[in-house]
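S.K.: sequence and predicted structure are below.
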Amino acid sequence: MPPRSKIERLDPRIREAVDELVRGGRATIDEIVERLRAMLGENAPSRAAVGRYAQRATAKMQRYREAQEVAKVWIAKLDQEPEGDVGRLLAEMLRTVAFEALGQLGDDGATVEAGDVMLLARAIKDLASADKLNADRQLKIRKELAQELEQKVEEQAKSGAPLTADAFRSMIREVYG
């Protein structure tokens, strides 16, 4: 595992100031280095270290923005048809992301915090709960539709009219739409 960068090992308040400058995009690497030198003196990280950190942070922000855009598209489709393929695909994608994040914890040399593991465990648990709720809901809907169809068949039988294939298909269309 590669060691953590010098920026990542800084005091969290100083690192947050660096993150803010990088996120803002208005400060150059030289300006960030100057601010760090003003705060830390000779112990300030090198220009190269700041450049590498800024490059990684910018790449992460770009991936985050792209993920947000993709999520907007999927959410719009999910709103249109929550029970459809998009809903199932979205749950599967979330599960994959959670497992990939779990696999990457600590890969960059950073320590793994209990909170990160708890969040991922909770996400996986919530996905499992959502799957169970969805399966239960679908089972309930199927039972209700089957009962409604059974009721229509019984009504047809009580009326004394024969139950033809066409009459049965008509009942199915009524019940299932």
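M.R.: Perfect, I can see it now. Treat the numbers as computed from the prediction; the structure is a model and nothing was measured.
S.K.: relative to residue 161, how far out is the closest residue to residue 152 other than its chain neighbours?
M.R.: Leaving out its chain neighbours, the residue that sits closest to residue 152 by C-beta to C-beta, 6 or more residues apart in numbering is residue 171, at 4.5 Å. C-beta here means a position set from N, CA and C on the backbone, and glycine is covered the same way. According to C-beta to C-beta, to the nearest Å, residue 171 and residue 161 sit 12 Å apart.
S.K.: then residue 121?
M.R.: Counting by C-beta to C-beta - residue 121 and residue 161 are separated by 59 Å.
S.K.: with residue 123 instead?
M.R.: Residue 123 is 55 Å from residue 161, where distance means C-beta to C-beta.
S.K.: which of those two has more residues huddled nearby?
M.R.: Using other C-beta atoms under 10 Å, the more surrounded residue of residue 123 and residue 161 is residue 123, with 17 against 10.
S.K.: so which strand or helix has that one?
M.R.: Per DSSP states H and E: residue 123 is located in helix 114-159.
S.K.: helices or strands up against that helix?
M.R.: helix 85-104, helix 165-176 (3 or more C-beta pairs under 8 Å, 6 or more residues apart in numbering; DSSP states H and E).
S.K.: how about low-confidence regions in this structure?
M.R.: The chain contains residues with pLDDT under 70 at 1-3, 74, 77-88, 90, 102, 104-114, 116-117.
S.K.: separation between residue 38 and residue 164?
M.R.: 90 Å.
S.K.: from residue 91, how far out is residue 61?
M.R.: Residue 61 is 26 Å from residue 91, where distance means C-beta to C-beta.
S.K.: neighbours of residue 44, how many?
M.R.: Using other C-beta under 10 Å, residue 44 has 20 neighbouring residues.
S.K.: residue 57 too?
M.R.: Using other C-beta under 10 Å, residue 57 has 16 other residues around it.
S.K.: try residue 166
M.R.: Look at residue 166: counted by other C-beta under 10 Å, it has 8 neighbours.
S.K.: gap between it and residue 152?
M.R.: Relative to residue 152, residue 166 is positioned 14 Å away (C-beta to C-beta).
S.K.: can you check residue 175 too?
M.R.: In this view, residue 175 and residue 152 are 7 Å apart by C-beta to C-beta.
S.K.: kindly report the same for residue 128.
M.R.: Residue 128 sits 37 Å away from residue 152, going by C-beta to C-beta.
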